[in-house]
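Engineer: my questions concern the predicted model and sequence given below.
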Amino acid sequence: MAITVQNFIKLANYYNQTAKLMSAICIQKGGIAIENYVGRFYMADLLEYIREYGRRLAESEKLPNDIIAVIKKFDAEFRRVYKMTTPTQKPLYEMTLEEFEKVMNI
C-alpha cells in the first residue's frame, strides 16, 4: 500500500468506526470499561500502526494543516494507551509476514 493521504484518511475512519463498535460491544456486555475489554489490545495495535503511517506520511510530503492536526491527535491518543499494545520486540508494522505469522501462531 502506497503511503498517501487518502489511505491515511481511510485508516483513520476505520479506527473511528471500530472505536464506536468497541464502545457498543462494551455496553452490550454489561457496561464493562473499555480498559477491561479484550479488544483494547487490537485497538492499541491499530492505533500504533496509524500513528506510524501518519508519521511516515508527514515525512514524505507537505500536508495540509487539518491532516497534520489529525496525525497529532492520533499521536496523543497513542501516547495515552501505548502500554496496551501487544508486547513484541518489533512493532507490528515492521514485521515480515513470516514474523507476523509466528507471533500470531498461524
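Structural biologist: Now that the structure is in, tell me what you want to look at.

Engineer: from here on, just use CA atoms for contacts and neighbour counts.
Structural biologist: Noted.

Engineer: and the residue nearest to residue 3 when sequence neighbours are not counted, what does it touch?
Structural biologist: Spatial nearest neighbour of residue 3, excluding adjacent residues (C-alpha to C-alpha, 6 or more residues apart in numbering): residue 57 at 6.1 Å. Contact analysis of residue 57 by C-alpha atoms under 8 Å, 6 or more residues apart in numbering lists 3-5.

Engineer: tell me which residue lies nearest the centroid of this structure.
Structural biologist: The structure's the chain has its C-alpha centroid closest to residue 47; by C-alpha atoms, centre = their mean the separation is 1.7 Å.

Engineer: hmm, residue 74 and that residue touching each other?
Structural biologist: Yes: with contact defined as C-alpha atoms under 8 Å, residue 47 reaches residue 74; the gap is 7.1 Å.

Engineer: show me the shaky parts of this structure.
Structural biologist: For the chain, applying pLDDT under 70 flags the ranges 1, 84-93, 104, 106.
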